[in-house]
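K.L.:
Need coordinates for the following:
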Amino acid sequence: MPSLPSRRWIKGTLLGLSTLAAATMVYAHGDVAPQPVNTDALPDVGEEWLIENPYRNVEKEVWQAAIDIGASGYNQNCARCHGLGAVSGGLAPDLRYLEAEEYGDEWYMERFRNGYTQNGITKMPAFGDLLGQKAAWAIRTYIETRPDEGALDAFSGRLKEIRDQLQTWAAEEKSDPGAIDAVRQELSEIASEVETGSGAPVADSVAFRAARILDGSSESFKTAAETLTIGLSAAQ
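P.N.:
This is a model prediction of the structure:
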């Protein structure tokens, strides 16, 4: 896996891509109204806008809630230009590589709050007043936990085998607690090996999500298998 780019490289690349995106995507955001994000499940962060992600180093439940809420907010407001799963198609910055620390937070929040215009045309709206600070940091948390490019390649074969096993368990509507625990543990171990593009310590990968879903029920087998299928397909 390539080393994490330097700050100067990231800043130059992102700003350059932003200019390209602005010049190319005249109607990228201008004709789309920002969609509200329900952040009631997240703790308040105060009135003053912060300069560092308050949901990064918090208890697991809050961190996970931020990711889930951020995923919804991102998909509604950002994916059209920045790509599903934050995987850019090349016209807009690939936000997965924005450093998960104060420097990256500063760049992200400036753009989120103030948007981007060129020659009087809005390429990206100012989301700050429309969505609020909690939504901003939830989306940031989601973005920074995206797996790096190719991070699942080494595990895709085994994850497909686990997917197939889960589908069999769902069809048979039976469960072996010991076997389920073993699969959950293996998924967690795989998840711990998946690296993020941002340098954040934990990736919200399909292995991580599938492990969370498994509770021993047939429905959980089905849902976890679908999660793996969709995630592995997107990673191709």
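
K.L.:
which other residues reach stretch 134-144?
P.N.:
Contacts with stretch 134-144, where a contact means CB atoms under 8 Å, 6 or more residues apart in numbering, come from 37, 39, 42, 44-45, 50, 53-56, 63, 66-67, 69-71, 73-74, 77-78, 86, 95-96, 98, 100, 104-105, 108-109, 112-113, 127-128, 196, 198, 200, 204. No exception for glycine: its C-beta is placed from N, CA and C like everyone else's.

K.L.:
What residues sit buried inside the helix or strand hosting residue 104?
P.N.:
Taking DSSP states H and E as the definition, one finds residue 104 inside helix 102-114. For helix 102-114, the buried set under the neighbour-count rule, 16 or more other CB atoms under 10 Å, comprises 104-105, 107-109, 111-112.

K.L.:
Ok, stretch 72-91 next?
P.N.:
The neighbour-count criterion (16+ other CB under 10 Å) identifies 72-74, 76-78, 81-83, 85-88, 91 as the buried residues of stretch 72-91.

K.L.:
now stretch 227-236
P.N.:
Along stretch 227-236, these residues count as buried under the neighbour rule (16+ other CB under 10 Å): 227-229, 231-232, 235.

K.L.:
Need the worst-confidence member of those.
P.N.:
pLDDT across those is lowest for residue 235, at 67.

K.L.:
Thought residue 229 was touching residue 163, still the case?
P.N.:
Yes - Residue 163 is in contact with residue 229 according to CB atoms under 8 Å; the separation is 6.0 Å.

K.L.:
Tell me which stretches of the protein form strands.
P.N.:
Using DSSP state E, the strands of the chain run over 116-118, 121-124.

K.L.:
highest average neighbour count across those strands?
P.N.:
For these, the largest average neighbour count (mean count of other CB atoms under 10 Å) is found in strand 121-124, namely a mean of 19.

K.L.:
mind exporting that strand as CSV, just the C-alpha atoms?
P.N.:
Listed next in CSV are the C-alpha coordinates belonging to strand 121-124 (Å, rounded to 0.1, in the frame of the first residue of the first chain):
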residue,chain,number,x,y,z
ILE,A,121,-21.7,30.2,-10.0
THR,A,122,-22.1,27.9,-7.0
LYS,A,123,-20.3,24.7,-7.5
MET,A,124,-20.7,23.5,-3.9
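
K.L.:
Strand partners (parallel or antiparallel) of it?
P.N.:
Strands flanking strand 121-124 in the sheet, each with its direction: strand 116-118 (antiparallel) (DSSP bridges).

K.L.:
ok, back up a step: show me how to select, in PyMOL, the buried members of the contacts of stretch 134-144.
P.N.:
Here is the PyMOL command that selects only those of the contacts of stretch 134-144 that count as buried (16+ other CB under 10 Å):
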select buried, resi 37+39+42+45+53+54+55+56+63+66+67+69+70+71+73+74+77+78+86+95+96+98+100+104+105+108+109+112+127+128+196+198+200+204
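
K.L.:
remind me which residues of this structure are low pLDDT?
P.N.:
Counting by pLDDT under 70, the chain has low-confidence residues at 1-32, 235-236.

K.L.:
could you show me where the helices are in it, in order?
P.N.:
Read by DSSP state H, the chain holds these helices, from start to end of the chain: 7-24, 60-77, 79-82, 102-114, 128-131, 133-144, 156-172, 177-193, 206-213, 218-235.

K.L.:
Right, I'll leave it there.
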